[in-house]
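S.K.: here is my input, please return the structure:
(one chain, ligands or ions: 1)
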Amino acid sequence: MKLAKRMDRILIETAFEVLVRARALEAQGRNIVHLEIGEPDFETPKHIVDAAKRALDEGWTHYGPTQGYPELREAVAASVSRSRGVPIDPNNVCIVPGGKPILFFPMLALIEPGDEVIYPNPGFPIYESMVRFLEGVPVPVPLVESRGFSFDLDVLRSKLSDKTKLLILNSPQNPTGGVIPADDIAAIADMVRDRDLMILSDEIYSRIYYGEPPASIASLPGMLEKTILLDGFSKIYAMTGWRMGYGIMPHWLADAVNKLMVNSNSCTASFTQRAGIAALNGPQDEPETMVAEFRKRRDAFCAGLNDLPGFRCPLPEGAFYAFPNITGTGLSSKELADRLLTEAGVACLSGTSFGQYGEGYLRFSYANSLPNLMEAVDRIRKFLANR
Ligand SMILES: Cc1ncc(COP(=O)(O)O)c(C=O)c1O
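M.R.: Presented below is the predicted three-dimensional model:
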């Protein structure tokens, strides 16, 4: 039996592949420092776990509304209205199993063969995967290290065409940790305001930042009705395994996403949504402590990387990734990432796992303890000295 042709066009995430290789080495007795996977190394806050346990005892174990429970959609709308400074109608909120379905469903609903989709490169690999899967035309725009890994706005402008259906923004960004400056967001809004396109603003790291709060294009005049805002619970509440996220979008697109949800998941798990209400309406001290800890690690880890010969690591403004330029080592990103895993016992990702413009970089997730991060720096230093 042959798979459908479209399966030739779908890509995967290298992070999971590297994890498998690292685990295989561990099974042979090797010690590996894991800096490849993008998930907080913190536990989900206890009051959220307790809310889920209570919900199970109370019988929140059945199908719920496809779009999500009204109480959770109201909590999301209130939280996003506050943080983005723009009124959100709970009817425009779709609760789905994770942030990823807000890439998958709206793109499935919007992209026709031949439609152009602009997205950051290096960027989250699922963007390009979905564009190719749907026979859209991928239009990668390079991120510029000297601009804090934002776009060159002239390059972005030159890529817009009558065929552009979707522009994907991601800030704070995976894999670079870059945050798009508010002035750039305003300039991008001016570029696209009168165009017949949608913006997918991936804000899954919206609350993990170390300077000014990241600007959202949805906050700007006339932009909410053109924006699909993706956010969720995975990163900020350390809930990656719970599978719950949300999208905020115009009602005509929310209706389409609901149809796709009926055809795939029916609904997001009911007891999980009760935990989501507890997360948004409950105390926020644990997420804040987590971000403060990430900041400490960022400072120490990036200082360590900057001290390595051939490495140059700009200080990331958000998320929990360091994206050092490693061209000074004379090795390609893939070779260095492979050799760090097999020879130094440090698992990280090649910048090219995020697209061709990731050549010359590595991605490290610093969602690991400070001692492990410093151990990784030591191991890399020894590797570079002895190679
Ligand atoms: C930029 C970006 N968007 C979306 C997601 C997906 O998040 P979730 O695990 O909630 O599906 C991730 C996860 O790594 C991400 O890095």
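S.K.: return the distance of the closest residue to residue 215 other than its chain neighbours relative to residue 340.
M.R.: In space, and not counting its chain neighbours, residue 215 is closest to residue 182: 3.8 Å by Cβ to Cβ, 6 or more residues apart in numbering. Yep, even glycine has a C-beta here, placed from its N, CA and C like the rest. Counting by Cβ to Cβ, to the nearest Å, the gap from residue 182 to residue 340 is 36 Å.
S.K.: neighbour count winner among the two?
M.R.: When neighbours are counted by other Cβ atoms under 10 Å, residue 182 and residue 340 differ, and residue 340 comes out ahead with 25 against 15.
S.K.: residues contacting the closest residue to that one other than its chain neighbours?
M.R.: Leaving aside its sequence neighbours, residue 340 sits nearest to residue 346 (Cβ to Cβ, 6+ apart; 4.5 Å). Shown in contact with residue 346 (Cβ atoms under 8 Å, 6 or more residues apart in numbering): 32-33, 35, 340, 376, 379-380, 383.
S.K.: which members of these occur in strands, if any?
M.R.: Under the assignment DSSP state E, those contribute residue 33 to strands.
S.K.: of the contacts of residue 346, buried ones?
M.R.: Buried residues within the contacts of residue 346, counting neighbours by 16 or more other Cβ atoms under 10 Å: 32-33, 35, 340, 376, 379-380, 383.
S.K.: around the ligand, pick out the residues from the chain.
M.R.: Listed as neighbours of the ligand in the chain under the rule Cβ under 6 Å from any ligand atom: 38, 98-100, 124, 170, 174, 202, 204, 232, 234, 240, 245.
S.K.: so which of the residues you listed is surrounded by the most neighbours?
M.R.: That'd be residue 232 among the residues of the chain next to the ligand, by other Cβ under 10 Å, with 28 neighbours.
S.K.: and that one, bridged to which residues?
M.R.: residue 245 (DSSP bridges).
S.K.: the helix with the most length in the chain - contacts with which helices or strands?
M.R.: As assigned by DSSP state H, the longest helix anywhere in the chain is helix 285-306. Applying 3 or more Cβ pairs under 8 Å, 6 or more residues apart in numbering; DSSP states H and E, we find helix 285-306 packed against strand 321-322, helix 370-386.
S.K.: strands of the stretch 101-250 of the chain, start to end?
M.R.: 116-121, 137-144, 150-151, 164-170, 198-202, 227-232, 245-248 (DSSP state E, counting those that start in this stretch).
S.K.: which other helices and strands contact the shortest one?
M.R.: The helices and strands touching strand 150-151, judged by 3+ Cβ pairs under 8 Å, 6+ apart, are strand 137-144, helix 182-192.
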